[in-house]
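In: Got a predicted model here, sequence first, then my questions.
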Amino acid sequence: MYSSYLKQPRIRSHYLVIAIAVFFMAFTNVAFFRHLLNDYPFNTENISFLFSVIVGFTGVIVLVLGLLCHRYTFKPIVIILLLVSSANAYFMDNYNTPIDDNMITNALSTDAREVRDLLSPTFFLYFILLGVLPSWLVYRTDIVFHPLTTEAWSRSKMIALTLLIMAGVFFLNSATFSSFFREHKLVRYYFNPASALVRQHLLSVVRDIVVRYDVDGVHFDDYFYPYKQPGEVLQD
């Protein structure tokens, strides 16, 4: 009597690509939108630009998934992305920490004590709700693919339409986007603070501080400062 509730979901591949892109945009980018709204508050003046950002970033995800996810790669790629993005969302939302190559290096060098501090109940809640459950749903879903030529044509139309929509929203808000990339660099830097542009920006900030104010020094704190082990001498 309960078989109807356990029926395997069935959906066409390009529809699932769009659904997954919307899921990523809505649930794993909270920290980014929090920073964005600090510079562009939600009001009638900014609503068009904010909408275009949502459409643009969702379009980028659609393009990536559309190019990578096919009959034999769809579920493995999406499940890996869901699990990784759930952990990413936890650290971004709770520690205000972007995930870049420097962050990954620090994570790999953490010890057991730091791992215990990071793996809180909130982390497992993120991992289960944003990673495990969506992955299980994708795993159970019967993804419908057309024959090869029909699938390629359908996927090409989806990608072309996505590019057209992205170009349209950018064109309609081109002046605001220009201002965004020129004047609100911190929102972009939030994604990759290890890049050369970010280092140059931080250097400029420090230089401005020491020129304007009588300071004794500038201290850069790091959460991943090593814990002292028995018998070990830290070189401070």
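Out: Arrived safely, thanks for sending. Numbers count the residues shown, from 1 in each chain.

In: Surely Val215 and Arg207 touch.
Out: No: counting by Cβ atoms under 8 Å, Arg207 is not a contact partner of Val215; they are 11.7 Å apart. Quick note: C-beta positions are derived from backbone N, CA and C, even for glycine.

In: State the mean pLDDT of the longest helix seen in the chain.
Out: For the chain, the helix with the greatest residue count under DSSP state H is helix 148-172. For helix 148-172, mean pLDDT rounds to 91.

In: Name the residues of that helix that are buried.
Out: Neighbour counts using 16 or more other Cβ atoms under 10 Å place 151, 155, 158-159, 162, 165-166, 169-170 of helix 148-172 among the buried residues.

In: Where does the prediction get shaky in the chain?
Out: Where the chain drops to pLDDT under 70, the residues are 1-6, 97-118, 181-205, 218-236.

In: for it, what spans make up the strands?
Out: Ranges of strands within the chain are 10-12, 142-144, based on DSSP state E.

In: closest one to Val53 among these?
Out: strand 10-12 (27.0 Å; Cβ to Cβ).

In: in its sheet, what does the closest one sit against?
Out: Paired with strand 10-12 in the same sheet, following DSSP bridges, are strand 142-144 (parallel).

In: on that earlier part again, any chance of the strands of the chain in a markdown table, with mean neighbour count too?
Out: Formatted as a markdown table, those follow (neighbours: other Cβ atoms under 10 Å):
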| stretch | mean neighbour count |
| --- | --- |
| strand 10-12 | 12 |
| strand 142-144 | 13 |
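
In: possible to save the ones you listed as a markdown table with distance to Val64?
Out: Formatted as a markdown table, the strands of the chain follow (distance: least, Cβ to Cβ, whole Å):
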| stretch | distance to Val64 |
| --- | --- |
| strand 10-12 | 19 |
| strand 142-144 | 17 |
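
In: want to try TSV for the buried residues of helix 148-172, with distance to Ile143 as columns?
Out: What follows is these, written out as TSV (distance: Cβ to Cβ, whole Å):
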residue	distance to Ile143
Glu151	11
Arg155	13
Met158	14
Ile159	18
Thr162	19
Ile165	24
Met166	25
Val169	28
Phe170	31
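
In: the helices in the chain, which residues?
Out: Ranges of helices within the chain are 13-27, 30-39, 47-68, 74-95, 101-108, 112-118, 121-126, 133-140, 148-172, 174-183, 185-189, 196-212, based on DSSP H.
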